[in-house]
Structures are given as structure tokens and as C-alpha cells.
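Peer 1: Quick one, what's the 3D model for this:
(3 chains)
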Amino acid sequence: MSQQIIVAVAVLGVLGVLFAVILYFVAQKFKVVEDPLIDEVAEALPGANCGGCGKAGCRAFAEACVAQGSLDGLRCAPGGDAVAARIAELLGCAVEQGEPLVAVVRCNPSNCAGKRLSHYDGLRSCAFEATVYCGESGCPNGCLGCGDCVAACQFEAIVMDEGRGVPVVDAERCAACGACVKACPRGVIELRHKGRKDRRVYVECINREKGAAARKTCANACIGCGKCEKVCPVGAIAVEGNLSYIDHTKCIACRKCVVECPTGAIRDVGFPAPAVKPEAAKVAEAPAAAAVKAE
Amino acid sequence: MKTFKMGGVHPEENKISNEAPIEVMPVGSQVAVLMNQHLGAPATPVVQKGERVKVGQLIGEAQAFMCANVHSPVSGTVLKVDTCKDAFGQPKPAVYIAVEGDEWMEEIDRTAEVKRECALTAAEIVAKLKEKGVVGLGGATFPTHIKYSIPEGKKADYLVVNAAECEPYLTSDLRVMLEHAEEICVGISILRTALGGVKAYVGIESNKPQAISVMTQMAATFEGIEVVPLRVKYPQGAEKQLIQAVTGRRVPSGKLPIDAGCVVSNVGTCFAVYEAVQKNKPLIENILTVTGKELPSQHNYLVRIGTTYNEIIRHSIGELPETTGKVISGGTMMGKAVVNLDAPTVKGNASVLVIGEREARRQPETACIRCGKCMDACPMGLEPYLFSALVKGGRFEEARVHNILDCIECGCCFFSCPACKPLTDEIRLGKNKVRALMAAKK
Amino acid sequence: MNLMKISGSPHVHSDESTRRIMWRVNLALVPALLCAIAYFGLNALLVAVVSVASCVLFQWLIEKYILKVPTTVGDGSAVVTGLLLAFNVPATVSMLWIVVIGALVAIGIGKMAFGGLGKNPFNPALVGRVFLLISFPVQMTTWPVAEGLFPMQFDVASGATPLAAFKEGQLAGVSYWDALLGHIGGSMGEVSALAILIGAAYLLWKKIISWHIPVAFIGTALAMSAVLWWIDPQQYMDPMMTILTGGIMLGACFMATDMVTSPMAKSGQLIFGCGCGLLTIVIRNWGAYPEGVSFAILIMNSVTPLLNRWCKPRRFAS
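Peer 2: Below is the predicted model:
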């Protein structure tokens, strides 16, 4: 009996040692030498693997950083400045401070909800719908509303506003990774400066048809009239191909263009009160003052 | 009876307009002529605002390689050169012409007399086709002169004329064969000459017995043309399938028909070739079926290009029925749904097909039960269910390995799917992505 | 006027649907059910009704309260599972509560746990049956004596199945004709080969199944048992009897051909069918159980994803 136990233990023991030796040599043979810095940099990253940096994932980004030894041309948008500073510290290089960005949806169709011109009955994919026709709103450039951007967002920062038929970005959650920008077949979404106090002004339209045609397509369309271009005090606005574009690096958020736009295509976000013309403001103030006096 | 070997489906034929003779549709008061009526780059407008044009005058010139000339379908004054929304709501460059009278270019022979003799050489024929803006009328609108410029080192053995008209509803090819058999045979002879005198086969599905007998009788009076009756099966008219059905040859994956020694042209194209070469008439007219189960009457028309869908509907049936669900340009299997009825028709439009609301609605998608019907139906031997999963998962490289680019988008997989999954849509999306990835790699 | 509908081509669809396929399978199972009622009396009907009702109920409950998705019981797939499960148990009243447990396992573990119709790797009815066979071996192999709804002149004295009898070394004089018509003991759905073949013929006609799996399955079983019988007719069963008795017919025509759990390419289906036939004979002759069809099919179900990967349809021009 005891002999059997001894044999069993001995056999298992010898086998154990044998496997240990094999494992040791195999491990030596296939050893991968990797810079431990990669692990540290990867640790500092948010780990969402959003792909916004253009790399396959966070680990690939870390490898690129370490291989390059600097952060030139590499930026983790979700991580922002804090992560950039941490990586720069690890790599021992300088870092540029970037302006925080946010995704904005440049479409506000008037043919929304009950006013659709057709019913798209095919595969729920904007990328596919764009190859079939102009879309339910009739706009050849605008949002198709199938939600490719919603599906692409890793941060649950985009939801589809079913009533308006366009996506809405939650600026708090948006990490500006740019996944939605890539997913949109129409180029409706753009990454823009978040703006001081989260105040930003942008043209909420990318329709490139001529004025009359654009207006026929959508009541809220930019008709490329150029009024905003004239009124802008800092020359941040340019009309090109029947479409106005506000350069977010120059814009001072004065909102003169918002007031001037005849179709209401320019959107202001984050301001406490709606924009009004100076004269109109005075007229509006008068009855208000009267009301105060009456009290 | 011959047919292709693998897959295929048999949708309801619905050739309800086959008795209606071709009528001539009057011209409207204004037309917009799109500059891209063909596969490839748009033509460049060569007329200015205020210029007088005649019927058949060149108004858009092919400057790129993959392009075709565009001619004025009407006579009148050029109103403007601007964009015009096409049938799918996308603005495209166009020439607007206000119609005045019906004055044709002098060189166009408008007599009904059939001219059989053609003394042109192959090169001259190809030049003529290019000049007259002839494109393939089978649906793809591929410029015909490019197809007949056979590349160095390749040789055509057969000309395969596609008269299968395998799409449900469409009857325009049938009517052309019945009414213009002789002209078609002359056109085929011209194309044979362009290919160096090769043998020509005309593949006609057996649901058109009249056309088979008329064409067989007519072909007997010509040299080197043989009519091949084919068993009714969709997609018989797809290039690769038709070549297999008629000649038994197979076009390998990623290759063109010419690699198997064949050139395929639609029977409508042959008629256009006859008119271009023998009558000097550019491609400015379509033969177009107006059909639908819910329409009060069925028609086949000869329509000038640029006539809008609404004008055609108004002239033929007055207005669309209340129950209309879809208007399709082309057949139900591969045609395109039209959203903008104010859009002008273009070269190659074969029909205005009206589908009722109930028939048009897609059934809700249910779970795949892996029945394999899509695989059995695929005429290319592919696995549509697999592509669906790969495309959804973003695994485009794998989709490429499984030959997604071989898909001819015939729609047999969606047609036969009991779960009503939009398989054809998903595969098209996948093909686009795979092509984009391949282009990015280069 | 309605809004114009827009989609990519094609713009028509065949009238095929999952619902129609499933209800047609149910229709194809009716001859075998009628046979079972004729031979085993109203007990058979009772077992079938309880089985179907519990399968449908469990699927509805799971979809409504656990998965919280719109219910799909209308597509008839739970009814198919219920009928097949009933066909795989003896038709006795004492089975009723056991059948309910079987239905729970079949629908809950066999199907819904994987995400519902189309996602289950194993045939749900067989998962239920094998669970019952292992958990309730006595009840599952106590065969009722065929009494019949109508007074028929049956002379089946023993309730044991021909296979069990053979395993015990005492095969009663059962003729091919008895086996074909169902004059034998067994689970309620597997007694009459003829009724099953009628159902299978209907499915073949409606193109719901193809010939590949049943022919490969039965053919392999026939060939292999013929070889064994030729070697030693005393120890091994006669090949015709082998395929007419037990669950081979039901398994080959209705359970191995389950679309969800069988390969999609025809070549894969042939391999799948051969594998089922081979394993059935192996289990019958050298295994502990007298019947091996359920195990054979379940084992081959697990190979299906691999077969789908290996067996590709022939590409055009290759």
C-alpha cells in the first residue's frame, strides 16, 4: 500500500520536474523583450480603445509613443491634457497643450419627424443609405438619421433625437475621439473647440446647394448669402461653395452672425440668453422696464 | 434548354405589358439633360446659355476616359447650365433646354428604311459609337466604345447578346425585338465586325416565344447570328451567368467577360448601335415600360431622354394610384427606387415600374435560422449569411477572403431569405468598405 | 398618398418566412402524431399537448420576464420543439410531469439560454430528451403496450422496443412490415417509419429539407449495420430492421435536418449525416444505451460550426 503511494508520488514528482524544465526552456526560447515603458504608458491611457488616435487601440498608441519617444502628432483625445502631461512625463518630452474639442452635429432638418419626404425601408445604416439616395429629409448633404455615429461612439455620448431625426451630442460625455466623424458618410459631424465657458457658435448646416434650391430643400439651410461673412468682426467666417463656415480657431463667440442669419442656420450653444439684434434688444427692454415700473 | 448551372431564383414574371406596342411619347416644354447618364465621369457641357441647339447636337463632351458623349434630345434654346436633382435626389450637372419645334441635325437619317450594308472597319465603328454616345442599355450604362476597344493581347471569340430580360415586369427588350428585329440583327452584325467577325449568340428566355421565333427567322437571313432559347431563371441576364448559359464558358473571379473570350451586349444596345452607325442617330431615346399591377393600363414607350418621370406618368396613366408604395426605375430585382419624380430620365432607364404599398413594404427582419437558402440561391456560390455577420462585425478583411467582391448584387439572397434579412444591402455595404480598404492599402 | 418607400434592390421578396417554415414542419409531424394516437390511445395526445403547451409557455415566460423582448412564440418553433420532445418519450400518463421538466430544459437551456431561435448550437428537443433520459432512466424506458384508440388486432405483447429486446438478446418476431407501420414498442413518435416518411416527403416537396442529411444518415447506418450483420448475423441486427426501428427515421428526417443545428453547405450536410449514422450504430452496438440517435445527433451538432467553416459551396468558376 505504502509502496503504491510512494510510486505515485515519485511518478508525479518526476513528471512535474520534467514539465518544469520543458516550460523553462520554452519560455527562454520564446521570450519577448518589451520595453516596460509601454506598459506604463498604456496604464496612463483611458483604456477605451476608441481608436480616435488612429491606432488599433490604447496599447498600439502606447507602443507608438514609446517607439517615437515623443508625443509629436500623437494625441489621445479622450485623455486630454492630463493624460498627455502624464505620458510626456514618462517619456521625458515636452507636450503641447491642446484646446479641448467636442463633436458638433451640423444639421437641423426642417423636414423632420412628420414632414419626411420619403420612407427609407432598407438596411438601417447611414453608410448604406447614402449610396441609395438623398435620404428621408430630401437634403443631398444632410444627416440620414440611421445612427451610424451613435453605434460608433464608445462613450455613449450620442443619442438619436427621434423627433428631429438627428443625433444629439452630450458635450459632458464626448471625449472628442472622432469616431463619429469617421462613421458619418455625409461628414455632418465635426470636432470643434469646446469654447470658453462651453460657449460656441457654428453653422448648423452643410447643404451645398445654391440658395434657392437649398431653401427649397430645408427651411433651416444655409443659403450662402454671405451676410454672416460681412458682419463678422474677426474674419472668422468664409462662404465657399454656397456654404458658410465659421473657423473655430478665430471665432470670438460675439454672436453677431447668429442675429444676422436669415434662415437661423447658425447655432449658438451655451449662452445664457438668446442672441438678439442691438436695436431689437432695446425695443424688447422697454416693455420689460415698463413692467418693472408697474410693479 | 440551356441555363446557368448554379443558384438562381424564379420570381413572379409579371410581364403584363408584353402586348402593348411601343408608342411615341411627346416631348415636354422643357428638358434637363444630365451630364452623367453613364458609368464613369460626367461629360463636360459644351453649350452656353442662350445657344440654339438641334435634336442630336452634342451638348456634353466626354473628356475623361470612362465617359460618354451626351446629345440634345430636343431642339430649342439652352436656358442654363446648372445642377439638377437626379431620380435619387442628388444634384448633378445638367443642361436645361427650352423646347422649340423639333428640328433635327441634318446628318441624321430619319427614314424608316432599314439599311443593312455597313462598310465601316472595326476602328471606325468604335469611333462612331464613341461619337454618338452609345452606352450599354442593360442597366449598367457602361460606355459601349470602351467595351468594344479590346485590349492588346486579348481576343473575343463570341458576342453574346443579352435578350434574356430576366427581370420581372420589364418588356421593353421584348417589344424592341418584336418591332425592330431586322435593325437589331444589323446592329449585331456591326458589333460582330467590331470584334473581328466573331460568332454571335442571342440568349432569349423561353417565356418570350414570339421573340424567339421572330428573331430566329430574322437571324437566318444574316450570317453568324444564332438564337439560343434559355430556361426561365433569374439572374440569366447577368454577364457571367449568361455567358455560362449560352457558351458554357466561365468567367473567373475578378475577371471580365473578355478574359473568357466573350463580349456581352444588351439587345437594346444593339438597336442603339444600329441607329448610331447606320442612321447617324445619337443615343437620345429610351424604350421604356410603364407598368405595375395596380395601374389602369400598361404601356411601352419611345421616350426622349430628359423627359421627367412625372411627365411620363401624366401622359400614360394620369396620376399614380393612391396605393403606390414605390416607383422603380428598372425591374424589381435590380432596379432602383426613385424618390424624385421631377427628375429627368437618363440613358438606360428601362421602366417606370409602380409597386403597390403592400408589396413594397419589407417584412420585419427576424433571426437567421441558418437554413442556407441564401447559399442555395446565390448564382456565384457565395455565402450571404456569412457576409451579413462579417459586415455587422466590421470584419471586412475576412469578407474579402470569402470573395465578397464576386457578388453581382442580383438580390437572390434577400429574395429567398425566410428571415427577411437585408442581405443584399449588407453585402453592398461590405463591398464598398472592402473596396475602400483595398484602395487605402494601395 | 403614402410616403414613397425607398430601399436598395431587390424590391420583391418570395413569400418564404420562418413562421411558414416552422408551421410546415409542424404539419409534417402530424402523420406521426396521428399514428401515435392510433397506437397508444389518447395518452399520446395528452403527452403531446402537455409538451407543446409547456414549451410554448416557457418560451413566452422567458421572453416576457427574463429577456424582456417581444415574444416570438407565434413563429411555431416552440411548437416544433414540443412535438419533437413528445415524440421522444413514452406515451404514458406518468410521463406528464417529466415532460414538463423536459420542456423547461429544452426551451430554457437548449434554446433561450443561447439567445433564442437561430442561435442554439444543439437541437433543443434532443437536449430535453437526453436530460430526461439521464435523469429519469426508468420512466424514460418503460414503454407502454400499444393498445390503440381504435380496437385493432395488434399482437404486440411486449412493451419493450425491438432495440432493447435485441440488446437483451430476445428480439421477438417483429417483421419489417410491423416496423414500417409501427406495430412495435417505442417512444410515441418513432414507432411508425411510414408516417415519418410521409412527413419527410412533404418537407422535401416544400424544399424545407434537402435529401442530403436523411440519405447520408440512413445510408451510413444501413451500410455499416450491413457490414456488421454480414460479419456476424447472430450478434448484430439485420440492417433493414436497424433503420426501421428506434429513432433513426425520426432523427434522420426531422431532428438531424433541423436548420439551425445542421450545416448549411450540401457537402457539410453529407458529412454531418454520415457522422450521425456512424455514431448511431457505434452507440447502439458498443455503447451502454440500446439507442444512440439522440447522442449521435447532439455530438454532430457540436461539429456543425466546424463543418460550416470547412465546407464551402462551390464558387462560380472555380
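Peer 1: neighbours around the closest residue to chain B within the stretch 101-250 of chain A, how many?
Peer 2: Across the stretch 101-250 of chain A, no residue is closer to chain B than residue A:134, which sits at 2.9 Å (CB to the nearest CB). To be clear about C-beta, it is placed using only N, CA and C from the backbone, and glycine gets the same treatment. Residues lying near residue A:134 (other CB atoms under 10 Å in any protein chain shown) number 25.
Peer 1: what's the nearest residue to it if we skip its chain neighbours?
Peer 2: Leaving aside its sequence neighbours, residue A:134 sits nearest to residue B:89 (CB to CB, 6 or more residues apart in numbering or on different chains; 2.9 Å).
Peer 1: for residue C:133, same thing?
Peer 2: Counting by CB to CB, 6+ apart, the residue nearest residue C:133 is residue C:140, at 5.0 Å.
Peer 1: got the contact list for the one you found?
Peer 2: By CB atoms under 8 Å, 6 or more residues apart in numbering or on different chains, the contact list for residue C:140 reads C:89, C:90, C:98, C:132, C:133.
Peer 1: quick one: which of these sit in helices?
Peer 2: Judged by DSSP state H, helices contain the following of these: C:98, C:132, C:133.
Peer 1: what's the closest of the residues you listed to chain A?
Peer 2: Using CB to the nearest CB, the ones in helices among the contacts of residue C:140 come closest to chain A at residue C:133, 36.8 Å.
Peer 1: Count the residues that sit near the closest one.
Peer 2: Each residue near residue C:133 was counted by other CB under 10 Å, and the total is 20.
Peer 1: Centre of the chain to stretch B:51-62, how far?
Peer 2: Distance, stretch centre to chain centre, for stretch B:51-62: 23 Å (CA atoms, centre = their mean, to the nearest Å).
Peer 1: Give the buried residues for that stretch.
Peer 2: B:53, B:54, B:55, B:56, B:57, B:58, B:59, B:60, B:61, B:62 (16 or more other CB atoms under 10 Å in any protein chain shown).
Peer 1: Need the contact partners of that stretch.
Peer 2: Residues contacting stretch B:51-62 (CB under 8 Å, 6+ apart): B:33, B:35, B:42-47, B:68-78, B:95, B:97, B:102-105, B:108, B:130, B:133, B:143, B:281-282, B:284.
Peer 1: just to revisit the earlier point, just list the residues touching the residue nearest to residue A:134, thanks.
Peer 2: Counting by CB under 8 Å, 6+ apart, the residues that residue B:89 touches are A:133, A:134, A:135, A:138, A:140, B:339, B:340.
Peer 1: quick one: which of those is nearest residue A:147?
Peer 2: Checking those against residue A:147 by CB to CB gives residue A:135 as the nearest, at 13.0 Å.
Peer 1: Chain C contacts on chain A?
Peer 2: Residues of chain A that fall close to chain C, judged by CB under 8 Å from any CB of the partner chain: A:116, A:117, A:118, A:119, A:120, A:121, A:122, A:123, A:128, A:131, A:132, A:133.
Peer 1: hmm, try it at 6 Å
Peer 2: Counting by CB under 6 Å from any CB of the partner chain, chain A comes close to chain C at A:118, A:119, A:120, A:121, A:122, A:132, A:133.
Peer 1: Considering these, which is situated nearest to residue C:277?
Peer 2: Checking the residues of chain A next to chain C against residue C:277 by CB to CB gives residue A:122 as the nearest, at 43.8 Å.
Peer 1: and the residue nearest to the closest one when sequence neighbours are not counted, how many neighbours?
Peer 2: Among residues not flanking residue A:122 along the chain, residue C:7 sits closest, at 3.5 Å (CB to CB, 6+ apart). When neighbours are counted by other CB under 10 Å, residue C:7 registers 25.
Peer 1: now do residue A:233
Peer 2: Other residues close to residue A:233 by other CB under 10 Å number 9.
Peer 1: Make sure it is indeed in a helix.
Peer 2: No: with DSSP: H, G, I helix; E, B strand; the rest coil as the criterion, residue A:233 is coil rather than part of a helix.
Peer 1: so what's it closest to, chain neighbours aside?
Peer 2: Among residues not flanking residue A:233 along the chain, residue A:254 sits closest, at 6.4 Å (CB to CB, 6+ apart).
Peer 1: Pass me the low-pLDDT residue ranges in the chain, would you?
Peer 2: Picking chain A for this. A:96-97, A:113, A:277-295 (pLDDT under 70).
Peer 1: Switch to chain C, please.
Peer 2: Counting by pLDDT under 70, the low-confidence segments of chain C come to C:1, C:145-175, C:178-179, C:181-185.
Peer 1: Run a quick neighbour tally on residue B:280.
Peer 2: By other CB under 10 Å, the residues close to residue B:280 number 17.
Peer 1: Now do the contacts for it.
Peer 2: When contacts are counted by CB atoms under 6 Å, 6 or more residues apart in numbering or on different chains, residue B:280 touches B:107, B:108.
Peer 1: Over to residue C:58?
Peer 2: By CB under 6 Å, 6+ apart, the neighbours of residue C:58 are C:103, C:104, C:107.
Peer 1: The residue in the stretch 151-300 of chain C positioned nearest to chain B - nearest residue in space that isn't next to it in sequence?
Peer 2: Per CB to the nearest CB, residue C:264 is where the stretch 151-300 of chain C lies closest to chain B, at 3.5 Å. Spatial nearest neighbour of residue C:264, chain neighbours left out: residue B:372 (3.5 Å); criterion: CB to CB, 6+ apart.
Peer 1: cool, and residue C:281?
Peer 2: Distances taken as CB to CB, 6+ apart place residue C:224 nearest to residue C:281, at 4.6 Å, with adjacent residues excluded.
Peer 1: what about the one you found, how many neighbours?
Peer 2: Neighbour count of residue C:224, defined by other CB under 10 Å: 20.
Peer 1: and it, how far is that from residue C:287?
Peer 2: To residue C:287, residue C:224 is 14 Å away according to CB to CB, to the nearest Å.
Peer 1: In contact with the residue of the stretch 151-300 of chain C closest to chain B, which residues are there?
Peer 2: Neighbouring residues of residue C:264 by CB under 6 Å, 6+ apart: B:370, B:372, B:375, C:308.
Peer 1: Residue B:390 too?
Peer 2: Taking CB under 6 Å, 6+ apart, we find residue B:390 in contact with B:398, B:399.
Peer 1: now do 8 Å
Peer 2: By CB under 8 Å, 6+ apart, the contact set of residue B:390 is B:396, B:398, B:399, B:402, B:404, B:430.
Peer 1: now the residues you listed as a markdown table including neighbour count?
Peer 2: Formatted as a markdown table, these follow (neighbours: other CB atoms under 10 Å in any protein chain shown):
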| residue | neighbour count |
| --- | --- |
| B:396 | 22 |
| B:398 | 16 |
| B:399 | 26 |
| B:402 | 16 |
| B:404 | 24 |
| B:430 | 24 |
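Peer 1: Just name the closest of the residues you listed to chain A, please.
Peer 2: Nearest to chain A out of the contacts of residue B:390 is residue B:430 (CB to the nearest CB; 9.6 Å).
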